[in-house]
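Trainee: Compute the structure for the input listed below.
(2 chains)
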Amino acid sequence: MGALVWILHNFWSLLVALVLVLVGLRIAWRLHKYGATRAELTYILRRSPFYLVVLTFCFFAAAPFLIMFMHTFKTDGDLYRRPQPFIFRQDPTLEHLDALFNNTAYLDFIRNSVVVGLAVVVITLALSLPAAYALARLTGRWGERAGILMFLVYLVPPTLLFIPMFRIVVLLGLKDDPMSLIVVYPSFTVPFSMWLLSGFFKAVPPELEEAALVDGYNRVEAFLRVVLPLSLPGIISTIVFTFTLTLHEFIYGLVFIADTSQRTLSVGVPTELILGDVYFWQPLLAAALIIAIPVGLAYNLFLDSLVQGFTMGAVKG
Amino acid sequence: MFRLAYPLDNRRFVGLIFLSPALLYIVLLVGFPFLLAIAFGFSDVTVGDTNLNFVGLQNYLAVWENDIFRQVFETTIRFTLVSQVFILIFANILAVIFTQNFTGKWFARFIFILPWATPVSLAMIGWLWMLDTKYSPIDYLLLQTGFLGPNGILSNNRNLFWLATPDLSQISVIFVQVWRMTPLATVILMAGLSSIPTDILDQAEVDGARFMRALLQIKLPLILPIMVIALLFSMITMFGDMTVVYVLTRGGPVDYTRVLGLYSFQVGIEGGNLAQGAAISLFAFPLLLAMAIFMLRTASRAEVQ
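Mentor: Model prediction:
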């Protein structure tokens, strides 16, 4: 706690110092490696605008998250009375984090989101793994048309469908039940993962399957025993992005579920932690940040894989 | 055994079996609701009275003659178009940056991806605070630097009221949309840039093309189809989005930031008039379809050349 207090009190100076130290170390390392020659110095000078641009973009992307982080630990007095948003006049406190987890339905939201997300991932994989393989290998012209149709379906926004979906959900008796989201979410995750997966399947050399067929496997076995294991990294990244798509979804979650304890994260946090005009700012900002960081890390970890699937999915053949 | 094995070796048969469950699910969960939406538009269904009585074009005409709807429609198109300009500019710069190798790339990419990775409604909570009427940190910075406050350059007030004045609320919403959608467009463009065969680039280097020339004359024309796809994605996502304005402004002040999706939600669900809500959102469909077809044709035509 003491370290956290010290870090928060000196947050901005520490941030600037960290950037400067890292830049200094990097330059020192280059000079050490290549010698402090004139050419090396010109190179560093020529390269610095590039890093300046990167830093500027990073700052704009990160600004709200830095503010979220600081404000999580502010006392009410510090936050509201003659606000000075960039410094702590009173010592940082953990009481709002404590309140978020113990006095709100935040943990329920997390649980609901995880349950819905995992169930949707299972349904999505069951439907889209074979379908994507069919698009990548097995079908000719009509398969290509089906692929374009899927792509167009993915582009139909939920705002066009939520009203009839709402009626269907009510008729099925699934209102206020996360089950409704499990049924409806594959309508956008299936086209998305079909597209991505067919990209990964196209990247597997067809010769390997031909060899399997010669060895006496049939098409289905060749798919299960040769293509699936080879595409495992792609499948894992599809799982990650499918899960986060469900985490992002807002409209269906808002319309189908009115019961607080059944709501998902993206709907629950902005609707339940605001009571009329009363905003519980510190818990709100903390709730957002706690989700943002792991999802951001997951995205970054699987981004190269996503880009690869995208490329193969978009480029024919 | 032989009879079962034979069809399982047939490409077309297995293809059909593999594809049909997914297609069936999509037809049931997208096709059917879509037709239902059209049927709702021709009926007088409400949350209270769920019988579908045919009322002809009444809903569509009522919506079309409604001044609020006209304004909402215009606002949606304006937000979408203006934000795309900025998204494309930034995404192009960032895609070039992130397809290069540089120190600290992994961390820089993590930071820059955060706005897109964070669930929209949660990221909007951050901006709700950043743009707060009273406590906005941006206002505080402007106040300290003399742009606000007594004799301030921008305003004599201590606050700019980002989400409470007609012009600023629209600018804020567009800014936030650009902030959150740029990474998506960038990632799609990165896919395009990384799919350029390296021998073309090597050849250009041998021929003496410098960085800018290789970029403008070789890379950009080659990724044009993918750029169109990126544009299509972000335009349609934005056109159908209601989350940003739902959290930030609820469409206010007055109607200045009300977009189609939000309006349809407010009339259809909050107001209970399912028929009119469905009619409102359906007005987006011809536009979305035209946009998608136009862009896909552009993309495939560019691909052929």
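Trainee: where along the stretch 201-305 of chain B do the helices fall?
Mentor: For the stretch 201-305 of chain B, applying DSSP state H, counting those that start in this stretch gives helices covering B:211-213, B:220-239, B:243-248, B:260-265, B:274-282, B:284-304.
Trainee: Would you mind saying which of those lies nearest chain A?
Mentor: Evaluated over the helices of the stretch 201-305 of chain B, closeness to chain A peaks at helix B:260-265, with 3.3 Å, by CB to the nearest CB. Quick note: C-beta positions are derived from backbone N, CA and C, even for glycine.
Trainee: who's in contact with that closest one?
Mentor: Residues outside helix B:260-265 that contact it (CB atoms under 8 Å, 6 or more residues apart in numbering or on different chains): A:157, A:159, A:162-163, A:251, A:254-255, B:68-69, B:72-73, B:76, B:239-242, B:245-246, B:250-251, B:277-278, B:280-281, B:283-284.
Trainee: hmm, 7 Å instead?
Mentor: A:159, B:72-73, B:76, B:240-242, B:245-246, B:251, B:277, B:280-281, B:284 (CB atoms under 7 Å, 6 or more residues apart in numbering or on different chains).
Trainee: With only the CA atoms kept, save stretch A:225-240 in CSV.
Mentor: C-alpha atoms of stretch A:225-240 as CSV (Å, rounded to 0.1, in the frame of the first residue of the first chain):
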residue,chain,number,x,y,z
ARG,A,225,-6.7,-35.2,-38.1
VAL,A,226,-4.7,-33.0,-40.5
VAL,A,227,-6.2,-29.6,-40.9
LEU,A,228,-7.5,-28.9,-37.4
PRO,A,229,-4.2,-29.7,-35.5
LEU,A,230,-2.3,-27.6,-38.0
SER,A,231,-4.6,-24.6,-37.6
LEU,A,232,-4.6,-24.7,-33.8
PRO,A,233,-3.0,-21.3,-33.3
GLY,A,234,-5.6,-19.8,-35.7
ILE,A,235,-8.4,-21.5,-33.8
ILE,A,236,-7.1,-20.2,-30.5
SER,A,237,-7.1,-16.7,-31.7
THR,A,238,-10.6,-17.1,-33.2
ILE,A,239,-11.7,-18.2,-29.7
VAL,A,240,-10.2,-15.1,-28.2
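Trainee: quick one: pLDDT of the residue in chain A that chain B sits nearest to?
Mentor: At 2.3 Å from chain B, residue A:157 is the closest residue in chain A, using CB to the nearest CB. We have a pLDDT of 83 for residue A:157.
Trainee: I'd like to know how far residue A:66 sits from residue B:142.
Mentor: Applying CB to CB, to the nearest Å, the value for residue A:66 to residue B:142 is 18 Å.
Trainee: So which of the two has more stuff around it?
Mentor: The neighbour comparison of residue A:66 against residue B:142 (other CB atoms under 10 Å in any protein chain shown) goes to residue B:142, with 20 against 17.
Trainee: count of residues packed around the closest residue to the more buried one other than its chain neighbours?
Mentor: Of all residues beyond its chain neighbours, the one nearest residue B:142 is residue B:148 (4.5 Å), with distances taken as CB to CB, 6 or more residues apart in numbering or on different chains. Burial measure for residue B:148: 22 neighbouring residues, criterion other CB under 10 Å.
Trainee: rewinding a little: now neighbour count too, for the contacts of helix B:260-265, in CSV please.
Mentor: Shown next, in CSV, are the contacts of helix B:260-265 (neighbours: other CB atoms under 10 Å in any protein chain shown):
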residue, neighbour count
A:159, 23
B:72, 25
B:73, 20
B:76, 25
B:240, 23
B:241, 26
B:242, 27
B:245, 27
B:246, 23
B:251, 22
B:277, 31
B:280, 29
B:281, 29
B:284, 23
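Trainee: Need these in CSV (columns: distance to residue B:133).
Mentor: As requested, the contacts of helix B:260-265 are exported to CSV (distance: CB to CB, whole Å):
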residue, distance to residue B:133
A:159, 28
B:72, 24
B:73, 28
B:76, 25
B:240, 28
B:241, 23
B:242, 22
B:245, 16
B:246, 18
B:251, 16
B:277, 30
B:280, 29
B:281, 31
B:284, 31
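Trainee: quick one: which of those is nearest to residue B:45?
Mentor: Proximity of these to residue B:45 (CB to CB) peaks at residue B:277, which lies at 9.7 Å.
Trainee: and the closest one, what does it touch?
Mentor: Residues counted as contacts of residue B:277 (CB under 7 Å, 6+ apart) are A:163, B:264, B:267, B:268, B:269.
Trainee: and residue A:65, what does it touch?
Mentor: Residues counted as contacts of residue A:65 (CB under 7 Å, 6+ apart) are A:289, A:292, B:114, B:126.
Trainee: ok, of these, which one's closest to residue B:189?
Mentor: Residue B:189 has its nearest neighbour among these in residue B:114, at 18.4 Å by CB to CB.
Trainee: Just give me the closest of the contacts of residue A:65 to residue B:160.
Mentor: Closest approach between the contacts of residue A:65 and residue B:160, by CB to CB: residue B:126, at 17.8 Å.
Trainee: burial count for that closest one?
Mentor: 24.
Trainee: Surely it is in contact with residue A:64?
Mentor: Yes: using CB atoms under 7 Å, residue B:126 is in contact with residue A:64, at 3.5 Å.
Trainee: contacting residues around stretch A:232-239?
Mentor: A:121, A:193, A:196, A:197, A:200, A:302, A:305, A:306, A:309.
Trainee: ok, now with 10 Å
Mentor: With contact meaning CB atoms under 10 Å, 6 or more residues apart in numbering or on different chains, stretch A:232-239 is reached by A:117-118, A:121-122, A:124-125, A:128-129, A:132, A:189, A:192-197, A:199-201, A:203-204, A:228-229, A:231, A:298-299, A:301-309, A:312.
Trainee: Tally up the residues packed near residue A:104, please.
Mentor: Each residue near residue A:104 was counted by other CB under 10 Å, and the total is 19.
Trainee: Hmm, I typed the wrong one, I wanted residue A:156.
Mentor: If you count neighbours by other CB under 10 Å, residue A:156 ends up with 23.
Trainee: Helix, strand, or coil at it?
Mentor: Secondary structure, DSSP: H, G, I helix; E, B strand; the rest coil: residue A:156 is coil.
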